[in-house]
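[1] Sequence plus predicted model, see below.
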Amino acid sequence: MMNGARNVDPAEISKFDAAAPRWWDPNGEFRPLHDLNPARLDYIEARAGLAGRRVLDVGCGGGLLAEGMVRRGARVTGIDLSPRALEVARLHALEAGVAVDYRQVAAEEFADTDHDTFDLVTCLEMLEHVPDPGQVIQAIARLVRPGGDVVCSTINRNPKAFALAIVGAEYLLRLLPAGTHQYARLIKPSELARWGRDAGLAVADLVGLNYDPMARKARVSADTSVNYLIHLRRPGSDTNA
């Protein structure tokens, strides 16, 4: 197994560092994340609950999801390896009066010190940007407490996803910068489910996340052919939870 500190693509970090100052611009290159966020938050809250829960957001970026979860009552720690994205996240949280504990650390390293800690771990739109996403899932399974929840989202790997999420979103509609996603790194639901099972997590739910860029709205559906969300659970119970 590769060392956790090395499960990172420096080009990906540089890309997100460069875009970080525009993270909170709802009309900039992170516009799709702004549009997806309400549906993502609703799903997480419905499946796992947020109020009073201790939550870890893996690959938190500029803090869009992390702040949303805090506003719904969660105590949130956000981790990322992009220093500029974290700088933006900390500044925005300060200006907004929202308390989020942001740390620059890989999930694999964090799992060595904070294992069995979190009621809920989220990892949205991040797995397709690392060399070994299965290793991240292994770390997440260590970070969530027994009986806790995990919610991940990513993009399916098939011709339809290539046409819509890469060609359409990046080159035709220019909703995202060209080169944001690499087709070979997209992840089939069956692969993500298998990594979860290999890490000791059980699949509780799998849904699609359908995005209408013209209406700027997203909704959960049964169609997992492009964007999708998966809810995993770590079996067992924690009497201290």
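    Here it is on my side, so go on. Numbering: from 1, shown residues only.
[2] got a list of what Ala18 touches?
    Applying C-beta atoms under 8 Å, 6 or more residues apart in numbering to Ala18 gives the contacts Arg84. Yep, even glycine has a C-beta here, placed from its N, CA and C like the rest.
[3] Any idea how many residues pack against Asp132?
    17 (other C-beta atoms under 10 Å).
[4] so what's it closest to, chain neighbours aside?
    Spatial nearest neighbour of Asp132, chain neighbours left out: Asn7 (5.1 Å); criterion: C-beta to C-beta, 6 or more residues apart in numbering.
[5] Then Tyr211?
    Nearest to Tyr211 is Ala218, by C-beta to C-beta, 6+ apart, at 4.6 Å.
[6] May I have the predicted confidence score for the residue nearest to Asp132?
    We note a pLDDT of 93 for Asn7 in this prediction.
[7] Distance check, it against Gly147.
    Distance, Asn7 to Gly147, using C-beta to C-beta, to the nearest Å: 27 Å.
[8] how about the helices in this structure?
    10-19, 31-48, 64-71, 83-96, 107-113, 133-143, 159-161, 189-198 (DSSP state H).
[9] on that earlier part again, tell me the contacts of the residue nearest to Asp132?
    With C-beta under 8 Å, 6+ apart, Asn7 has these contacts: 106, 108, 130-132, 135-136.
[10] what's near enough to touch the residue most central in space within the chain?
    In the chain, the residue lying closest to the centroid (C-alpha atoms, centre = their mean) is Leu124, at 1.6 Å. Leu124 makes contacts with 40, 57, 59, 65, 151-153, as judged by C-beta under 8 Å, 6+ apart.
[11] Same check on Asp101?
    76-78.
[12] among the contacts of Leu124, which are in strands?
    Secondary structure from DSSP state E places 57, 151-153 of those in strands.
[13] Show me how to select, in PyMOL, the buried members of those residues.
    A single PyMOL command suffices to select whichever of those are buried according to 16 or more other C-beta atoms under 10 Å:
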select buried, resi 57+151+152+153
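[14] I'd assumed Leu127 was in contact with Cys152.
    Yes: applying C-beta atoms under 8 Å, one finds Cys152 in contact with Leu127, separated by 6.4 Å.
[15] Please enumerate the shared neighbours of those two.
    Shared contacts of Cys152 and Leu127, defined by C-beta under 8 Å, 6+ apart, comprise 137, 192.
[16] mean confidence for stretch 164-182?
    Mean predicted lDDT for stretch 164-182 stands at 91.
[17] And for stretch 135-151?
    Stretch 135-151 comes out at a mean pLDDT of 98.
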